[in-house]
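1. this is a predicted model, with the sequence first.
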Amino acid sequence: MLGGTAHGFIQSNNIIESTSLYRRTTQAVPSLFVASSNDSSSDTNKRQANGEVILPSNVVKYSTVPKDKFFTIDTIPAGLLKEHSTKEGTWGVIRVHQGKLEYKILEPEQSVHILDAASDNIGIIEPIMQHQTKGLTDDLKFVVEFYRVPGTGDVDEQREEL
């Protein structure tokens, strides 16, 4: 419980639906902690009891990189291997489809997470928080999805080195 509101664990067969002025999208969201949609307070930057970040319930996916393929151990952009952050209002989700990836969160406190397809875990990237990645296996395949909370900025922003 955070802020008096229960937060649920979404299993791999659950769906997040979002509606924009231009289209409605529905997507499966495996093993993702999200804030309860009936929470009347802002769920931005809420955390689970163990300190893990919770993706806001009202985020809208606007991009996946790379498009129509995967980053591999040989194609991870240099920008992802060094300390970097997303812009204010931009959330990210790292999805590993094969192999293993180290996701290191550098602030507000440092933590290291090993992401892999077998355990169906993901890395949630908070806006403006420094982080970095490192490929751990030669068979690595992963993507990074970008999300925004409605009203927090342009979804057509350009990302450097991706």
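-> Received it, and whenever you're ready, just let me know what you need.

2. ok, and the closest non-adjacent residue to residue 146?
-> Distances taken as C-beta to C-beta, 6 or more residues apart in numbering place residue 63 nearest to residue 146, at 4.4 Å, with adjacent residues excluded. (Each C-beta comes from the backbone N, C-alpha and C, glycine too.)

3. please apply the same query to residue 91.
-> Closest residue to residue 91 apart from its sequence neighbours, by C-beta to C-beta, 6+ apart: residue 147 at 4.3 Å.

4. can I take it that that neighbour is in a helix?
-> No. Read with DSSP: H, G, I helix; E, B strand; the rest coil, residue 147 is strand and lies in no helix.

5. can you name the residues that contact it?
-> Shown in contact with residue 147 (C-beta atoms under 8 Å, 6 or more residues apart in numbering): 55, 59, 60, 61, 62, 90, 91, 92, 93.

6. return the member of those residues nearest to residue 126.
-> residue 91 (6.8 Å; C-beta to C-beta).

7. what is the neighbour count of that closest one?
-> Counted with other C-beta atoms under 10 Å, residues neighbouring residue 91 total 22.

8. quick one: contacts for residue 71?
-> Residue 71 makes contacts with 65, 77, 80, 140, 141, 142, 143, 144, as judged by C-beta under 8 Å, 6+ apart.

9. appreciated, that's everything.
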